[in-house]
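> have a look; sequence and predicted model below, questions after that.
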Amino acid sequence: HENESKGTRLIETVEEYILSTIDQDHSLRTVAEKVGLNPSYFSRLFRKQSGENFVQFVASLKVKKAMELLAETDETIKTVAEKVGYTEQTLRRVFKNETGMTPSQYRKSKR
């Protein structure tokens with residue numbers, strides 16, 4: 001149980017860190033260092049605890065934040081992308097992979 005709760009705390013810590021620095025780059029190495037773990041160990045532990053790989057986890061957090069911004073503001077897609085730490089092109093690609101829609105299609109669906 002102790003290892004499970006450590007793993008759960010790790011996921012929560014990582015999620016809080018990413019959300020509080022959502023506009024930055026979140027490489028596996030950077031975040032592993034932030035939580036004081038070797039990157040390959042962190043990657044395995046993260047996958048075991050969360051059931052998804054780290055890159056996918058970061059992408060889904062960033063897309064969720066972008067969805068909020070697209071629905072609640074009139075900021076340009078470029079500005080929304082910058083606020084979640086992506087280029088406009090990367091946001092469009094990742095957003096479409098996650099949701100099946102482009103950011104502008106999503107925004108129209110929310111209006």
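Perfect, thanks for sending it.

> any idea how far Glu52 is from the residue most central in space within the chain?
Residue closest to the mean C-alpha point of the chain, counted by CA atoms, centre = their mean, is Val58 at 2.6 Å. When distance is defined by CB to CB, to the nearest Å, Val58 is 10 Å away from Glu52. Every residue, glycine included, has its C-beta placed from N, CA and C.

> re the thing from before, leaving out chain neighbours, which residue sits closest to the residue nearest to the centre of the chain?
Leaving out its chain neighbours, the residue that sits closest to Val58 by CB to CB, 6 or more residues apart in numbering is His26, at 4.8 Å.

> got it, and Gln24?
Gly85 (5.3 Å).

> got it, and Ala32?
What sits nearest to Ala32 in space, not counting adjacent residues and going by CB to CB, 6+ apart, is Phe42, at 3.7 Å.

> quick one: list the elements packing against the helix or strand harbouring the one you found.
If you go by DSSP states H and E, Phe42 is part of helix 39-50. Using 3 or more CB pairs under 8 Å, 6 or more residues apart in numbering; DSSP states H and E, the elements in contact with helix 39-50 are helix 2-20, helix 28-34, helix 54-72.

> show me what contacts Ser50?
By CB atoms under 8 Å, 6 or more residues apart in numbering, Ser50 lies in contact with 11, 57.

> one more pass at 6 Å, please.
By CB atoms under 6 Å, 6 or more residues apart in numbering, the contact set of Ser50 is Ile11.

> ok, Phe57 next?
Contacts for Phe57 (CB under 6 Å, 6+ apart) come out as none.

> kindly recompute the last result at 7 Å.
The contact partners of Phe57, taken as CB atoms under 7 Å, 6 or more residues apart in numbering, are Ser50.

> pLDDT below threshold where in the chain?
Within the chain, the ranges that satisfy pLDDT under 70 run 1-4.

> if you set the cut-off to 80 instead, what comes out?
For the chain, residues meeting the criterion pLDDT under 80 lie at 1-7.

> and for the residue lying closest to Asp23 once chain neighbours are set aside, the neighbour number?
Among residues not flanking Asp23 along the chain, Gly85 sits closest, at 4.8 Å (CB to CB, 6+ apart). Neighbourhood size, Gly85 [other CB atoms under 10 Å]: 18.
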